[in-house]
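Visitor: Provided below for reference: sequence and predicted model.
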Amino acid sequence: MAITVRVDSKLEQELEAIAKAEGVTKSNLIRECLAEYLKSKKSQLSPWELGKGFFGKSGSGKGNLSKDRKQIIRDKIHGRKKSD
């Protein structure tokens, strides 16, 4: 499959110099760079994947904290203890 990419003259000169120094064609160099870029993007983990081992580790065991947060805070402020 052929893909055309337009680059400015400075980038083309840099590409030519590196390809010549490494003894490869510009096309091969571009393929290698693109493959490496795509591999690095694929291997990046989402925030959830990075932290999933930590989520829920220090849970309170109370399943209502999100739903009843306002009342729980009010009770704490006023020194009341509410049973689950």
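Guide: Cool, the structure landed.

Visitor: T25 versus the residue nearest the centre of the chain, what's the distance?
Guide: Residue closest to the mean C-alpha point of the chain, counted by Cα atoms, centre = their mean, is S46 at 4.5 Å. Distance of S46 to T25, given as Cβ to Cβ, to the nearest Å: 36 Å. From N, CA and C alone the C-beta is placed, and that goes for glycine too.

Visitor: Longest helix in this structure, please.
Guide: Longest helix of the chain, by residue count under DSSP state H: helix 26-43.

Visitor: need the next SSE after it, C-terminal direction.
Guide: helix 47-51 (DSSP states H and E).

Visitor: and that following helix, how far from the chain's centre?
Guide: 9 Å (Cα atoms, centre = their mean, to the nearest Å).

Visitor: again with stretch 71-79
Guide: That offset, for stretch 71-79, works out to 38 Å (Cα atoms, centre = their mean).

Visitor: Ok, stretch 35-53 next?
Guide: Distance, centroid of stretch 35-53 to centroid of chain: 5 Å (Cα atoms, centre = their mean).

Visitor: And for stretch 11-30?
Guide: Using Cα atoms, centre = their mean, the distance from the centre of stretch 11-30 to the centre of the chain it belongs to is 30 Å.

Visitor: same thing with stretch 39-54?
Guide: 6 Å.

Visitor: where in the protein is pLDDT low?
Guide: For the chain, applying pLDDT under 70 flags the ranges 56-59, 81-84.

Visitor: Go again with 80.
Guide: Scanning the chain for pLDDT under 80 picks out 43, 55-61, 63, 80-84.

Visitor: Distance check, the residue nearest to the centre of the chain against K52.
Guide: Remark: distance between S46 and K52 (Cβ to Cβ) = 9 Å.
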